[in-house]
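Peer 1: show me the folded form of this:
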Amino acid sequence: MAAKLGGKKGDKYSIGQNSDINVTPFVDVMLVLLIIFMVSIPAATVAIKVDLPPANPNDDHKEKPVYISIHDNGEIQVFPQGPTTLATLDYDLTRAMQKPNPKGETILIRADKYVRYGDFMSVVNTLQTDGYYKVSLINENL
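Peer 2: Modelled structure (predicted):
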């Protein structure tokens, strides 16, 4: 704590004002905040299990991917099949993939920038209801 003893112009009984900043409480508060953040950050990090494929540079994928495209006007397309609706999405995906167990495959979803969140989630919920649990999102950097 800082104190100024002695007044102006040598008057020993008058106490002048101290306009210096007292940084001791500021340093105390900053140290407490630093300790709180140091203790809470390791507890806040949660490990997310990511299932990544093994790196194989010689792996050539000859098949074109099948993906779902959602446009900003609400139109849904299964590429390379064509336009579809939520009711016929399962049938169109099975037909486009041409595999014996298409529900075990990863479904790629691409959405336009201005697609409403509700439209996107209705497609994801329909996929989960139909048994497609592996869903990946396509990100395009422009």
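Peer 1: burial count for I107?
Peer 2: Other residues within reach of I107, judged by other CB atoms under 10 Å, total 23. The C-beta positions use only the backbone N, C-alpha and C, and glycine is treated the same way.
Peer 1: quick one, longest helix in the protein?
Peer 2: helix 24-44 (DSSP state H).
Peer 1: packing partners of that helix?
Peer 2: If contacts are counted by 3 or more CB pairs under 8 Å, 6 or more residues apart in numbering; DSSP states H and E, helix 24-44 sits against no helix or strand.
Peer 1: neighbouring strands - and their directions - for the helix or strand that comes right after it?
Peer 2: Going down the chain from helix 24-44, the next helix or strand is strand 67-70, by DSSP states H and E. Sheet pairing for strand 67-70, assigned by DSSP bridges, gives strand 76-79 (antiparallel), strand 107-111 (parallel).
Peer 1: for those strands, which one sits closest to V32?
Peer 2: Set against V32 and scored by CB to CB, the strands paired with strand 67-70 come closest in strand 107-111, at 45.0 Å.
Peer 1: which residues does the closest one contact?
Peer 2: 65-70, 93, 120, 123-124, 127, 132, 134-138, 140 (CB atoms under 8 Å, 6 or more residues apart in numbering).
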